[in-house]
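Asks: What would the 3D arrangement of this be:
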Amino acid sequence: MAQKRKIPVLSIVGRSNTGKTTLIEKMIRELTARGYRVATIKHNLHGFEIDHPGKDSWRHREAGARLTVLASPKKVALVRDVERDYTIDEIRDRYVEDADIIIVEGYKENDFPKIEVFRSSLGNELLGKKEGNLLAVASDRPLGVDVPCLDINDARGIVDMVEMRFLRMKAKKSVKTER
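Replies: Numbering: from 1, shown residues only. This next block holds a predicted model:
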């Protein structure tokens with residue numbers, strides 16, 4: 001049996017209010033415009049609710065269901081109780097398929113390549129270091145760092161780097177396979 005290809009993961013990290021979500025939105029638009037399939041993982045340490053009191057799926061879970069799948073003609077959502085915080089690898093391997101790349105927001109402490117979003121107006125230091133898999137910094141001003149410092153507003157340039165690093169090899173492999 002052929003081994004399932006590991007989908008590459010890129011982590012977008014940064015302090016609160018630096019623009020991580022906005023940058024991710026722009027990157028997704030640029031990547032999908034180039035024909036790539038993008039999956040995202042948003043980590044939330046505080047938890048979240050997808051079910052709402054009184055709704056059928058909420059009632060199923062309140063009655064004791066450990067797993068509820070909400071399905072419609074255009075979407076499927078899975079709500080599952082877990083005993084611990086899953087790692088990015090576990091989420092990718094269990095739930096993500098049919099994607100060329102996974103962009104992660106959150107999980108600041110992970111081993112995947114990272115782009116740190118930095119805003120000089122917040123006056124903080126960078127979170128990451130090159131040794132911690134820091135691939136680049138997306139900033140509103142040039143910084144003297146030992147990784148590329150990219151313009152936070154240049155989604156095209158950031159995606160060019162991501163494409164060269166993570167996705168071009170996929171394209172080259174598929175060309176070889178088609179022959």
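
Asks: Please make it C-alpha for all contacts and neighbour counts, starting now.
Replies: Fine.

Asks: Residue 152 versus the closest residue to residue 118 other than its chain neighbours, what's the distance?
Replies: Excluding its sequence neighbours, the residue lying closest to residue 118 (C-alpha to C-alpha, 6 or more residues apart in numbering) is residue 139, at 4.8 Å. Relative to residue 152, residue 139 is positioned 5 Å away (criterion: C-alpha to C-alpha, to the nearest Å).

Asks: Report the beta-bridge partners for residue 134.
Replies: Note on residue 134: beta-bridge partners by DSSP bridges are residue 114.

Asks: Tell me how many other residues crowd it.
Replies: Counted with other C-alpha atoms under 10 Å, residues neighbouring residue 134 total 22.

Asks: Which residues are in contact with it?
Replies: Contacts for residue 134 (C-alpha atoms under 8 Å, 6 or more residues apart in numbering) come out as 113-116, 128, 147.

Asks: Which pLDDT value goes with it?
Replies: Among the per-residue scores, residue 134 holds a pLDDT of 92.

Asks: Please apply the same query to residue 23.
Replies: For residue 23, the predicted pLDDT is 97.

Asks: Ok, residue 37 next?
Replies: Taking residue 37 on its own, its pLDDT is 97.

Asks: surely it meets residue 96?
Replies: No. Between residue 37 and residue 96 no contact is recorded; they are 11.3 Å apart, counting by C-alpha atoms under 8 Å.

Asks: hmm, back to that, now for residue 139 and residue 152: what residues contact both?
Replies: residue 117.

Asks: CA atoms only: put stretch 112-119 into CSV for me.
Replies: Extracted as CSV, the C-alpha positions of stretch 112-119 are listed here (Å, rounded to 0.1, in the frame of the first residue of the first chain):
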residue,chain,number,x,y,z
PHE,A,112,7.4,23.4,11.6
PRO,A,113,8.9,26.3,9.5
LYS,A,114,7.5,29.6,10.7
ILE,A,115,6.9,33.1,9.4
GLU,A,116,6.6,35.5,12.2
VAL,A,117,4.4,38.5,11.8
PHE,A,118,5.9,41.6,13.4
ARG,A,119,4.5,45.2,13.9
